[in-house]
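*Asks:* using only what follows, build the 3D model:
(2 chains)
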Amino acid sequence: MSFPWAKQYEPKQPLMRWLDEKLPLPRLVYNAVGAGYPVPRNLNYFWNFGVLAGLALTLQIVTGIVLAMHYAANAGVAFESVEQIMRDVNAGWFLRYAHANGASMFLLVVYIHIARGLYYGSYKAPREMVWLLGVVIFLLMMATAFMGYVLPWGQMSFWGAQVITGFFSAIPLVGESIRIWLLGGYAPDNAALNRFFSLHYLLPFVTAGVIILHIWALHIPGSNNPTGVDVKGEQDTVPFHPYYTAKDGFGVGVFMLVFAALIFFSPNLLGHPDNYIEANPLSTPAHIVPEWYFLPFYAILKSFTADFIIPAKLWGVLAMFGSILLLFFLPWLDSSPVRSANYRPKYRAFLIVLLFDVLLLGYVGGAEANARNVILGQIASAYYFAHFLIILPMVARSERPRPLPNSITEAVLEKHGGTSPAKTALA
Amino acid sequence: MAIVNDQLPPGEDPALLTEEVHDPRRRDFINIAAVSFAGVGAVAIVLPLINQMNPSADVLAQSTTELDVSKIAPGQAIKSSFRKQPLFVRNLTPAEIAEANAVPLSELRDPQTLAERTKAGKENWLITLGVCTHLGCVPLGAGEGENKGPFGGYFCPCHGSAYDTAARIRQGPAPTNLQVPEYAFTNDTTVLVG
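*Replies:* I've put the predicted structure just below:
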């Protein structure tokens, strides 16, 4: 795969040569994230976020495995075992805060990674499969994050589990049976906690597997770039190592600074105080909200208040799942052959509106459900769907894109004041 | 399925083969039978794997609750629990009963009369699950001084569903009335739920 000018792995040491013949694992790594993977020379810092997401998953797996050595998934003792991790286990507070805030960091970098894909058209041919696998990873992450949030068995854990499994009871006829089957009881209890723990441990490894497929699918056409123009020759690329390992290294440093600031200075900034109260099935907290990364979807769920053919509750649940499943169809909803929004003035404007729309949904998701916020949420939800189902296909047809550079190299040279080969040819 | 120009397996009579090529062949039949057998086996293994997720015997064993209602004065309610879910037992006042009966059924999202939701001769005892039918929060209104909402019954703080004095849904996103569990009065003051 990749380009014909990709460097070949040539082990010099006899031991590495021997290994390469028996098990070419170093060769695989060399071709995937080493000098053997040619990458467009013009990637900006938005291209850091894939590596950062991989780093975040690794940190979650490491801290998670260690936490599982101290945590007890039993409804009778789960809450105490988390408190014991916080107070008694050596460096337990650090591991738990790193894991809880690590989830936020993971979702944060993934949201930026998705936004990057939307802006630069990374979901378009020939990278549709990369995008589809990415949406699968996102769904797996959401399931994992939700189940992880249930484990401390605080009030928010319990009521989050109640509300989210309640989504399934919206399914006509079989919904309630499915909900009871998922929970292993009539309300969240020991059975639910145990299975959530089991799946919370399993799904990150499934995610890691899908990430391997995601990278595999990516390496067939190679990385997209800010111009969206295809790589035309060797002059358009540089080897991943050392060029982008260095650039990603800088990004990792910035990531770690933000992460450390969260862990050491404001570890509960993104959490809810109610989750430090043990789960009580007889008392709902006054204000149930999910973690920040689910707020936009929660706002869509809350936006359906009137029955229309099917019950409002079912509409809400369908719309919420639909808002993510919609992304599976994105490569075919946008028929514009131009990838990068830098050359698509109309699409770019609408994409910026979508960004603010999602932020507004996030605000509404966390706010009290009063009349004003319900209306705001309804408008913002409607716009979200309109963007993908109406605006995007129409813009793709009507828009007149700006002229594309002839090649990545031309765009780079022009940016730095050099003359482009095209202009030289014209002169 | 049958590919006629397959190489003839050793020991088979070519004459027999050309005469009796029918679909499926004996070999195909054995193939189908073997795969089907494995398929049935796989289903037999998957069933317990799915069924283990259903409520276990100890969870099902908690499915009856006995309550003494003698201490609940008219206008009062208690919160108990049934199958680990909150259970509201409310002693309705005559005014609340009248209010519930005054509502025309056509106005209701989930039309039910108070009589249908209570036991004959015990219309003042409204026994429901305290689980909002929207997404499962515990509505307010059973405890002393809690917000009973605009219809004087229960009010769910999560998404603003309001229930009336018969615990029927009147406003907000919840699709149905608060669920009435199966129960029976074993004597005048004792209720067996479940």
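*Asks:* wait, A:Y123 sits on A:W131?
*Replies:* Yes: the criterion here is Cβ atoms under 8 Å, and A:Y123 meets it with A:W131 at 3.7 Å. C-beta coordinates here come from the backbone N, C-alpha and C atoms, glycine included.
*Asks:* tell me what the helix or strand hosting A:V412 is packed against?
*Replies:* In this structure, A:V412 is located in helix A:408-415 according to DSSP states H and E. Applying 3 or more Cβ pairs under 8 Å, 6 or more residues apart in numbering or on different chains; DSSP states H and E, one finds that helix A:408-415 makes contact with helix A:421-426.
*Asks:* before we move on, the earlier item: where's the helix holding A:V412 relative to the chain centroid, distance-wise?
*Replies:* In terms of Cα atoms, centre = their mean, to the nearest Å, the centre of helix A:408-415 is set 31 Å apart from its chain centre.
*Asks:* now stretch B:180-194
*Replies:* Chain-centre distance of stretch B:180-194: 20 Å, with Cα atoms, centre = their mean.
*Asks:* next: stretch A:217-225.
*Replies:* For stretch A:217-225, the distance to the chain centre is 18 Å (Cα atoms, centre = their mean).
*Asks:* from A:L404, how far off is A:D230?
*Replies:* Using Cβ to Cβ, to the nearest Å, A:D230 is found at 10 Å from A:L404.
*Asks:* also A:L326?
*Replies:* 28 Å.
*Asks:* what's the answer for B:V69, then?
*Replies:* Relative to A:L404, and taking Cβ to Cβ, B:V69 is found at 78 Å.
*Asks:* can you give me the buried ones in the helix holding A:V412?
*Replies:* By 16 or more other Cβ atoms under 10 Å in any protein chain shown, the buried positions in helix A:408-415 come out as A:408-413.
*Asks:* repeat that for stretch A:65-81.
*Replies:* A:66-67, A:70-73, A:75, A:78-79, A:81.
*Asks:* just stretch A:250-266 next, same as before
*Replies:* In stretch A:250-266, counting by 16+ other Cβ under 10 Å, buried: A:251, A:255, A:259, A:262-263.
*Asks:* now do the contacts for the residue nearest the centre of chain A.
*Replies:* With distances taken as Cα atoms, centre = their mean, chain A has A:V110 as the residue nearest its mean C-alpha position (3.2 Å). Contact analysis of A:V110 by Cβ atoms under 8 Å, 6 or more residues apart in numbering or on different chains lists A:49, A:53, A:56, A:137-138, A:141.
*Asks:* could you point out which element follows the host helix or strand of it?
*Replies:* Using DSSP H and E, A:V110 maps to helix A:92-119. Per DSSP H and E, the first helix or strand lying C-terminal to helix A:92-119 is helix A:128-150.
*Asks:* what helices or strands is that following helix leaning on?
*Replies:* On a contact count with 3+ Cβ pairs under 8 Å, 6+ apart, helix A:128-150 meets helix A:92-119, helix A:155-166, helix A:190-219, helix A:312-325, helix A:330-333.
*Asks:* avg pLDDT for it?
*Replies:* For helix A:128-150, the mean per-residue pLDDT is 97.
*Asks:* pull out the buried residues from that helix.
*Replies:* So for helix A:128-150, counting by 16+ other Cβ under 10 Å, buried means A:129-150.
*Asks:* where do the domain boundaries of the chain fall?
*Replies:* Since no chain was named, I'll use chain A. A:30-228+A:236-284, A:289-419 (automatic domain parsing).
*Asks:* chain B, not that one
*Replies:* When chain B is parsed with automatic domain parsing, its domains come out as B:14-51, B:59-193.
*Asks:* what's the distance between the shortest one and the middle of its chain?
*Replies:* The gap between where domain B:14-51 is centred and where its chain is centred comes out at 40 Å by Cα atoms, centre = their mean.
*Asks:* what's the mean pLDDT across that domain?
*Replies:* Computed over domain B:14-51, the average pLDDT equals 83.
*Asks:* also the last one?
*Replies:* Domain B:59-193 shows an average pLDDT of 86 in the prediction.
*Asks:* what about that domain, how long is it end to end?
*Replies:* 15 Å (Cα to Cα, to the nearest Å).
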